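A.B. asks: What shape does this take:
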Amino acid sequence: MEQIYTIPVNEAFDAVMEHPEDGCPFCKLYKRLEEDELEIILGASMMEPDIRIKTNEQGFCHGHYRRMLKRKRMLGMGLMMESHLDEVEKRVDGKGAFGSPKSASIPLLSALEADCYVCSRIDKNMRAMIATAVYLFETERDFRSKLSKMPFFCLPHYRMMLEYASKKTSKKVYADFFDTVHGIEKNYMQTLRSDVSWFCKKFDYRYDEEPWYNSKDSVQRSIKFLSGVMDDDE
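C.D. replies: Residues are numbered from 1 along each chain as shown. Predicted structure coming up:
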């Protein structure tokens, strides 16, 4: 029986079954979560004190600054920058850290560079989605069949699935899960490797007259496989 928390996972897997070219179902979930978080942070919740405290402390990564700017909600961005810069100034001055003022700011600024409010929110929700997918594989035969039909999983989400399943399922379930997802990854990697090799050969004049087959976008597909979600314009 489908529960509310399983709906987004099933929807993402169903969408990839209809459009295999979309690739990793967890990347689809990531994009959906990212859109939701950006909409929330630039909406009314921007003025909620508890959220504002977190955005002041964490800031945002370069990628999410870019995505927020694309939405052109400049007043909201300005208000967040105003209070966030107050927090940044404290870190530049080394306030709240031990040691000499000349070096106290270094760990504070390093921590800021490694943090992002949106990324942390997405990461928390993605881990819940990974857990849900593993649970569905363990408990629902239909979902096992659905998962086995995925074209591939990007490497970061593949690793997250194995990591969670290896810790949270029985040896038998993990063995079945590993065999399923590992088989998917191996098949896709072999196809991808072949496409990239042919792409490289096409730059040799001896292959000028040969067709490109499925290799023209093999470099982009390789990056998407290796690193996960890419911008639509990339």
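
A.B. asks: Going by C-alpha atoms from here, please, whenever you check contacts or count neighbours.
C.D. replies: Will do.

A.B. asks: What is the neighbour count of Met81?
C.D. replies: The criterion is other Cα atoms under 10 Å. On that basis, Met81 has 16 neighbouring residues.

A.B. asks: Going by secondary structure, it is in what exactly?
C.D. replies: With elements taken from DSSP states H and E, the one containing Met81 is helix 74-92.

A.B. asks: For Tyr30, what is the enclosing helix or strand?
C.D. replies: When secondary structure is defined by DSSP H and E, Tyr30 falls within helix 25-41.

A.B. asks: Please state the offset of that helix from the chain centre?
C.D. replies: Computed by Cα atoms, centre = their mean, to the nearest Å, the chain-centroid distance of helix 25-41 equals 9 Å.

A.B. asks: Could you list the buried residues of that helix?
C.D. replies: Within helix 25-41, the residues that qualify as buried are Pro25, Phe26, Cys27, Lys28, Leu29, Tyr30, Leu33, Glu34, Glu37, Leu38, Ile41, counting by 16 or more other Cα atoms under 10 Å.

A.B. asks: Stretch 134-148 too?
C.D. replies: By neighbour count, and taking 16+ other Cα under 10 Å as the criterion, the buried residues in stretch 134-148 are Val134, Tyr135, Leu136, Phe137, Glu138, Phe143, Arg144, Leu147, Ser148.

A.B. asks: just stretch 66-74 next, same as before
C.D. replies: Residues of stretch 66-74 classed as buried under the neighbour-count rule (16+ other Cα under 10 Å) are Met68.

A.B. asks: Just the endpoints, please. Distance across it?
C.D. replies: Stretch 66-74 has its terminal residues 12 Å apart, counting by Cα to Cα, to the nearest Å.

A.B. asks: try stretch 65-76
C.D. replies: Length of stretch 65-76, first residue to last, Cα to Cα: 12 Å.

A.B. asks: Any chance you could list what contacts it?
C.D. replies: By Cα atoms under 8 Å, 6 or more residues apart in numbering, the list of residues contacting stretch 65-76 from outside reads Leu38, Leu42, Gly43, Met46, Met77.

A.B. asks: surely the fourth one meets Asn56?
C.D. replies: In this case it means Met46. No - the pair Met46 and Asn56 does not pass the contact test of Cα atoms under 8 Å, sitting 10.9 Å apart.

A.B. asks: and the residue nearest to Lys28 when sequence neighbours are not counted, what does it touch?
C.D. replies: With sequence-adjacent residues excluded and distances taken as Cα to Cα, 6 or more residues apart in numbering, Lys28 is closest to Ala12, at 6.3 Å. Applying Cα under 8 Å, 6+ apart to Ala12 gives the contacts Pro25, Phe26, Lys28, Leu29.

A.B. asks: Good, we can wrap up now.
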